[in-house]
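Trainee: any chance you could fold what I've pasted below:
(chains A and B)
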Amino acid sequence: MSTYRIGIDVGGTHTDAVLLDQDNQVISETKSSTTEDVETGIYTAMHEVITKANVSPEHIRYAMLGTTHCTNAIVERKGLNNIAAVRIGAPATLAVKPLVGVPDDLRAALGKHVYLVRGGHEFDGREIVDLDEAHLYKIANEVKGEVDSIAITSVFSPVSTDHEERAKKIFQEVLGEDVAISLSAEIGSVGLLERENATILNASVIRVAKTAADGFINALKSENIDAKVFFGQNDGTLMSVDYAVRYPIFTVACGPTNSLRGASYLGNLSDAIVVDVGGTTSDVGVLIHSFPRESSLEVEIGGARTNFRMPDLISIGLGGGTIIHAEENEAFSIGPDSVGYRLPEKAMIFGGDTLTTTDVAVALGKVDLGDASKVAHLDKSWLNKVYEKMVELVEEAIDKMKTTADPIPVILVGGGSILLPTELKGASRVLRPEHSGVANAIGSAISQVSGQVERIYLLDEVGREHALESAKSEAKATAVNAGADPETLVIVDVEDVPLAYLPGNATRVRVKAAGELQRNA
Amino acid sequence: MRKIGKQEIEDIAVGAALLGTGGGGDPYIGKLMALQAIEENGPVTLLDIDEVPEDALVVPSSMMGAPTVMLEKVPSGEEAMEVFGKLEEFLGEDIYATFPIEAGGVNSMLPFALAARRGLPVIDADGMGRAFPELQMVTFYLDGIQATPAVIGDEKGNTALLSTIDNVWTERIARASAIQMGGSVMNAMYSMRGKNLKDSGIAGILKLEEEIGKTIRLAKANNVNAIQEVLKTVGGFELFRGKVTDIDRKTETGFARGTASFEGIGDYKEETLQLRFQNEHLLAQTDRRLLCVTPDLIAVLDAETGLPITTEGIRYGSRCVVIGIPCHEKWRTEKGIATVGPKYFGYDVEYTPVEELVRKGETE
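Mentor: Residues are numbered from 1 along each chain as shown, chains lettered A, B, ... in the order given. A predicted model of the protein is given here:
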């Protein structure tokens, strides 16, 4: 009996859905508009893709969702949990209190119950001071009935999780198991404020994630699908729904990653440049070992600085709906404004009055779309200049992203990718695989499950080999926890960075393990 | 005399990161400390060096240890109060004002956090005009000013009073104590008189940092090239444009040493830049020639935004512009070169001022 999986990606403009068979072949695909409530768009796309495929619902076993629910909730400050933020680290850390440096409105929403408790660890694992358990009991009693989610961040928890674990026990003892508890060691790495922000944000979107998960499961049920549900994470891997409702913050910004991963799969390449051409912009990213290269910049979510890793992308103002402005003496400029999702009414080939990049490509016979006679009157040599410039913009972006001068393969994806030629400067070859329009939904559907750890080790004490082994097995355990099949686990990323000015060769080790979905789970 | 509020702090932090030449840690945490202290206690008074009485007791506020530790174990704010109090007790005299020890990273911000809490003015002068990794690497040392008597302290309330025979011993003992105290401590070191600071310090450094920050901020707002504007502000030179193709780090004797390789883009195509660092960026060279070497300043800026990048922040694929800035003339003396020149850091090249290296490159 063949089994199927459904992948859905919610983007800013479109909600895409695909249905794949067990060999990951695309059975059907659809693009529908993203709706304000997100859910309606998901249900529409899901219904369409299933209807198109003519596949019996009971054979759909897996459903993967890459969604903006949590991002939207944070950005709009809507539907957030009533949280308590507990920092364990006093007397250290008082010079910068929790949520200092985040926008005032977010601080107002999340900063109602902020506590600083004595405790925490030194970089080498010693306690700064004893954990003030009495204070934790007092806080637990104070917030009883006031909050439904608690963020706990302890100094150097990436070295020792003891105080966070103990605090969790105390809160559960007083408040019961129903109050969600987010521990910073499970969410971020060294850098107290960034990790604390991420933990607080995580605590604040537990309810949103739960609602989204329940909604998705119900929608599946209404289509008579009984599938195992996964959420896409921003590192390009999946987590089980149980895991996602505990660590919803990892769902933030999974879109660009999904599209890179989808491109990798469709192009059957592990190392390449990916150009994702949308309606308004093109994102250019780099695949290394099938995963996006990550950015070194701090990532802000809803204005709060976090230490999340996001794909290293450059965005250029060139998409399928980008407007061409004709100027005097045959001069012109390209964008950055775009007709966006209104392309089907605005573009000249569709009877509109706005000259877009798509019109240029059609007029030059590069693309067969709409009514070419509507642009036949335009001066070909001028159009050629415009087209050359469009291609140049993409080539420049590709060059910026490359780390060596050697030509490397380029994969074109996204709805607007038909605009681009199959030869590009700096590319060893250019691929525009089939189904590239819904690469992001495919990326969501084919993802592996991963686990990541980041810890500080004193290499002089434990030895580099032992430290790496320990981090690797912890990463693998996390991946299995998130739903990976232990048999297929591989270590996909290892990074160790020595820390300046510390003895004992203190080193930050980061390991990521990824594996296929646990099929029989 | 003028007041330093939140916007000034934001600008100074960016300028400090640039003059920090990759080291000293990201001033972010120091900036938040200063912002919180100013929010709670009001703006800080900034004095020009000429406004400070010659006999006034002035003490820089600084931290010592691992910037990474400070990013995780954020200070309490009490350590700095405590070490200043203990030093006053020992000297039997009130401290008149504080100032930054270096123009880089977190140390550029700490005097403001302390000043706001303690109600002290900050003086617009420092002891480096840039950042360096060891505490004898200050212009005060060139003029024989001692770091001790000094007090270091942690957030637990421990303090240590140091009285040493010279500044190298201060460095050794203080660093060992700092590790025991948890890897990061606050200092009250290099206490001196107003006249000493005027003679041996580098005046106007905070004003320059603020200018740099403002330049980058306004360039972004006005959509002009930040890097060209910054070069004008600091009197520097563009040395290279490239992307990071390799980064090789190791920690030896507590310092993050390493080399970053950049492959040229644009006008620098086909060229490769090697950037050597030991916490700070210290030497930049291509296959053909030396471009800039310590004590002149080497800053790595993000090619798009012009914002400075720290050594720990350099990553594979980053697109950067490397710039060189002449150091203060105090460093270009024989003792200055001996203290912070290329030989001290183990690079076998002769110090040549960056402007001469640039001129040579242009005539080639």
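
Trainee: show me what from the stretch 351-500 of chain A comes close to chain B.
Mentor: A:399-405, A:497-500 (CB under 8 Å from any CB of the partner chain). The way it works is simple: take the backbone N, C-alpha and C, and place the C-beta from them, glycine included.

Trainee: quick one: mark the members of those that sit in helices.
Mentor: Secondary structure assignment (DSSP state H) places A:399-401 from these within helices.

Trainee: residue ranges of the helices in the stretch 201-350 of chain A, please?
Mentor: In the stretch 201-350 of chain A, helices defined by DSSP state H, counting those that start in this stretch lie at A:206-222, A:241-244, A:255-267, A:343-346, listed in chain order.

Trainee: who touches the longest helix seen in chain B?
Mentor: Scanning chain B for the longest helix, with DSSP H as the assignment, gives helix B:205-222. Under the criterion CB atoms under 8 Å, 6 or more residues apart in numbering or on different chains, residues B:8, B:10-16, B:18-19, B:46, B:100, B:103, B:108, B:122, B:124-126, B:129, B:225-226, B:229-230, B:233-234, B:305-307 lie in contact with helix B:205-222.

Trainee: any stretches of chain A with poor pLDDT?
Mentor: Flagging of chain A using pLDDT under 70 yields the residue ranges A:1, A:296-297, A:499-503, A:519-521.

Trainee: can you give the domain ranges for it?
Mentor: The record, using automatic domain parsing to delimit domains, assigns chain A the ranges A:1-71+A:207-252, A:81-204, A:448-515.

Trainee: rebuild the ones you listed as JSON lines, extending it with distance to residue B:158 and mean neighbour count.
Mentor: Formatted as JSON lines, the entries for those read as follows, by distance: least, CB to CB, whole Å; neighbours: other CB atoms under 10 Å in any protein chain shown:
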{"stretch": "domain A:1-71+A:207-252", "distance to residue B:158": "37", "mean neighbour count": "21"}
{"stretch": "domain A:81-204", "distance to residue B:158": "11", "mean neighbour count": "21"}
{"stretch": "domain A:448-515", "distance to residue B:158": "18", "mean neighbour count": "20"}
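
Trainee: ok, which of those comes nearest residue B:271?
Mentor: The closest of the domains of chain A to residue B:271 is domain A:448-515. By CB to CB, the value is 27.4 Å.

Trainee: quick one: buried residues of stretch B:48-55?
Mentor: In terms of neighbour count (16 or more other CB atoms under 10 Å in any protein chain shown), stretch B:48-55 has its buried residues at B:49, B:52.

Trainee: and residue A:461, how close does it get to chain B?
Mentor: For residue A:461, the distance to chain B (CB to the nearest CB, to the nearest Å) stands at 14 Å.

Trainee: isn't that residue right up against residue A:467?
Mentor: No - in this structure, residue A:461 sits apart from residue A:467 without contact. The criterion is CB atoms under 8 Å, and the distance is 9.2 Å.

Trainee: how about the strands in the stretch 1-150 of chain B?
Mentor: Read by DSSP state E, counting those that start in this stretch, the stretch 1-150 of chain B holds these strands, from start to end of the chain: B:2-4, B:44-47, B:57-65, B:97-99, B:122-123, B:125-126, B:150-153.

Trainee: which residues are in contact with the first one?
Mentor: To tie it back to what came earlier, the one meant is strand B:2-4. By CB under 8 Å, 6+ apart, the surrounding residues in contact with strand B:2-4 are B:12, B:38, B:43-46, B:112, B:122.

Trainee: in stretch B:283-293, which residues are buried?
Mentor: Applying a neighbour-count criterion of 16+ other CB under 10 Å, one finds B:283-286, B:290-293 buried in stretch B:283-293.

Trainee: can you get me the start-to-end distance on that stretch?
Mentor: When the termini of stretch B:283-293 are compared using CA to CA, to the nearest Å, they are 4 Å apart.

Trainee: re earlier: contact partners of whichever helix or strand comes after the longest helix of chain B?
Mentor: Proceeding C-terminally, helix B:205-222 gives way to helix B:226-234 as the next helix or strand, assigned by DSSP states H and E. Helix B:226-234 is touched from outside by B:18-19, B:208, B:211-212, B:215-216, B:218-220, B:236-238, B:301, B:303, B:305-307, B:321, B:323, B:325, with contacts defined as CB under 8 Å, 6+ apart.
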